[in-house]
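[1] A structural model of the following input is requested.
(chains A and B)
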Amino acid sequence: MHSVLQRGNAILAYALSVLAFLTFLCFASTVFLDYRTHAEMNTVKVVVKNVPDYSASREKNDLGFLTFDLQTDLSHLFNWNVKQLFLYLTAEYETPSNQLNQVVLWDKIIQRGENSVLDFKNMNTKYYFWDDGNGLKGNKNVTLTLSWNIIPNAGLLPNIFSYGSHSFKFPVEYTTSRM
Amino acid sequence: MDIASLFDDVRRMNKRQFLYQVLSFGMIVSSALMIWKGLMVVTGSESPIVVVLSGSMEPAFHRGDLLFLTNYPEEPVRVGEIVVFKVEGRDIPIVHRVLKLHEKKNGTVKFLTKGDNNSVDDRGLYAPGQLWLTKNDVVGRARGFLPYVGMVTILMNEYPKFKYAVLACLGFYVLVHRE
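    Numbers count the residues shown, from 1 in each chain, chains lettered A, B, ... in the order given. Model (predicted):
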């Protein structure tokens, strides 16, 4: 006869292997899906100041201010293996000192079940747009892109870029007004 | 199955059988080590699997979730990625998201991280005077996610007695159990 311990062990082992198998199926069923989609964004107001960055070098660095519009529908990205989307709006630009600069200006967590049809008008950024130097004034090509990091229930953690981006210029003069 | 019958098995073994048991125990330990070291080679990361220890990335990662890392030198670090990094003076690696990044023409890159659940960036967590992370601080980039599994190691680290009990039971079982 089997003892209680043996039965318990068998049940636990079987339950765990079934769970592992189902988790793998959940991962395998969504691993090849295409999570790209369209997003429209636009800048409304763009100014740049030259002020000391006390959080970093304490030297005077360029600090950009902008407000933006954003429209996108991400509801079809959710499936049984998407627990959360981490949305982030990146400003990407080149300066004489740095070949590539990427600054996240705004981010948002959308969990499954929450509203994922976004339509923002004249939004303020969530983070400061500090440059690593003085490369923002008169910068002719700053590109805004929306991306999302997919957090699954179990599986890969891809970073996806949206279709559609927006390029804008910074003014050639520093603003002196208070922001 | 009571204790006496467990030892019956051992008593019935001859020397060769006992030696065989010890060897198979050694095989289990060494193959676990081989898998770990093999993963280090394949992923390029000194620690290919990490357990999330804090709630700073909630609701994406909770305490006890498992992350699979890679750290290929040819893959550039980009904003929005989740990196695992070590800070001088702290034993435990930190899992946070890249928020800002500046890359020079010669390829040197510096970046700033922030936990999704934290309201400020990580400059307060870095070593005194450190403003940016570089590639040398990075242990790996999060590529895969598996929930809850790391809870076992958290339990074991928080209750060392439980760890030794589990290890003793497993070792005893492997040595005594006959195939």
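
[2] near chain B, which residues of chain A?
    Residues of chain A that fall close to chain B, judged by Cβ under 8 Å from any Cβ of the partner chain: A:3, A:5-6, A:23, A:55-57, A:83-84, A:86, A:88, A:90, A:97-104, A:107, A:109, A:111, A:127, A:130, A:132, A:147, A:149, A:151-157, A:159. For the C-beta atoms, the positions are set from N, CA and C on the backbone; glycine is no exception.

[3] hey, which helix is longest across chain B?
    Scanning chain B for the helix with the most residues, using DSSP state H, yields helix B:15-43.

[4] helix or strand right after it?
    strand B:49-51 (DSSP states H and E).

[5] just checking, what packs against that next one?
    Secondary-structure packing of strand B:49-51 (3 or more Cβ pairs under 8 Å, 6 or more residues apart in numbering or on different chains; DSSP states H and E): strand B:66-70.

[6] now do the residue most central in space within chain B, the pLDDT please.
    Central residue of chain B (Cα atoms, centre = their mean): B:V50, 3.0 Å from the mean position. pLDDT recorded at B:V50 is 95.

[7] check B:S54 too.
    For B:S54, the pLDDT comes out at 91.

[8] in three-state terms, label it for me.
    Classification of B:S54 using DSSP: H, G, I helix; E, B strand; the rest coil returns coil.

[9] around the residue nearest to A:T43 when sequence neighbours are not counted, how many other residues sit close by?
    Once flanking residues are discounted, A:T43 sits nearest to A:F168: 4.7 Å by Cβ to Cβ, 6 or more residues apart in numbering or on different chains. As a burial measure, A:F168 scores 17 neighbours (other Cβ atoms under 10 Å in any protein chain shown).

[10] list the contacts for A:F168?
    Residues counted as contacts of A:F168 (Cβ atoms under 8 Å, 6 or more residues apart in numbering or on different chains) are A:T43, A:V46, A:L66, A:V142, A:L144.

[11] what's the farthest-apart pair in those residues?
    The most widely separated members of the contacts of A:F168 are A:V46 and A:L144, with 10.7 Å between them, by Cβ to Cβ.

[12] more neighbours, these two?
    When A:V46 and A:L144 are compared for neighbours, A:L144 comes out ahead with 23 against 18, by other Cβ under 10 Å.

[13] host element of that one?
    Using DSSP H and E, the element containing A:L144 is strand A:142-151.

[14] now do whatever helix or strand comes next after that strand, average pLDDT.
    Moving toward the C-terminus from strand A:142-151, the first helix or strand encountered (DSSP H and E) is strand A:155-156. Mean pLDDT, computed over strand A:155-156, is 94.

[15] about what we covered before: check which residues of the longest helix of chain B are buried.
    Under the neighbour-count criterion of 16 or more other Cβ atoms under 10 Å in any protein chain shown, helix B:15-43 has B:Q21, B:L39, B:T43 buried.

[16] how far does that helix sit from the chain's center?
    Helix B:15-43 sits 19 Å away from the centroid of its parent chain (Cα atoms, centre = their mean, to the nearest Å).

[17] same check, this time on stretch A:41-49
    19 Å.

[18] ditto for stretch A:125-135
    Offset of stretch A:125-135 from its chain centre (Cα atoms, centre = their mean): 17 Å.

[19] same question for stretch B:53-71.
    That offset, for stretch B:53-71, works out to 11 Å (Cα atoms, centre = their mean).

[20] circling back to that earlier point, so which of the residues of chain A next to chain B are in helices?
    Among the residues of chain A next to chain B, DSSP H puts A:L5, A:Q6, A:T23 in helices.

[21] among those residues, name the buried ones.
    By 16+ other Cβ under 10 Å, these give A:T23 as buried.

[22] quick one, strands of chain A?
    A:39-52, A:60-73, A:84-93, A:100-111, A:117-124, A:129-130, A:142-151, A:155-156, A:159-168 (DSSP state E).

[23] which secondary structure elements does the second one sit against?
    Contacts of strand A:60-73 with other secondary structure elements, assessed using 3+ Cβ pairs under 8 Å, 6+ apart, are made with strand A:39-52, strand A:84-93, strand A:100-111, strand A:117-124, strand A:129-130, strand A:142-151.

[24] hmm, back to that, a markdown table for the buried residues of helix B:15-43, including distance to chain A and pLDDT?
    Shown next, in a markdown table, are those (distance: Cβ to the nearest Cβ, whole Å; pLDDT from 0 to 100):
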| residue | distance to chain A | pLDDT |
| --- | --- | --- |
| B:Q21 | 19 | 83 |
| B:L39 | 16 | 96 |
| B:T43 | 14 | 95 |
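
[25] give me the mean pLDDT for the strand holding A:L144.
    Taken as a whole, strand A:142-151 carries a mean pLDDT of 96.

[26] pull up the pairing partners for that strand, direction included.
    Applying DSSP bridges to the sheet, strand A:142-151 is found paired with strand A:84-93 (antiparallel), strand A:159-168 (antiparallel).

[27] show me what B:L146 is bridged to.
    Counting by DSSP bridges, B:L146 forms beta bridges with B:L66.

[28] now do it against B:F68, distance only.
    Distance of B:L146 to B:F68, computed by Cβ to Cβ, to the nearest Å: 7 Å.
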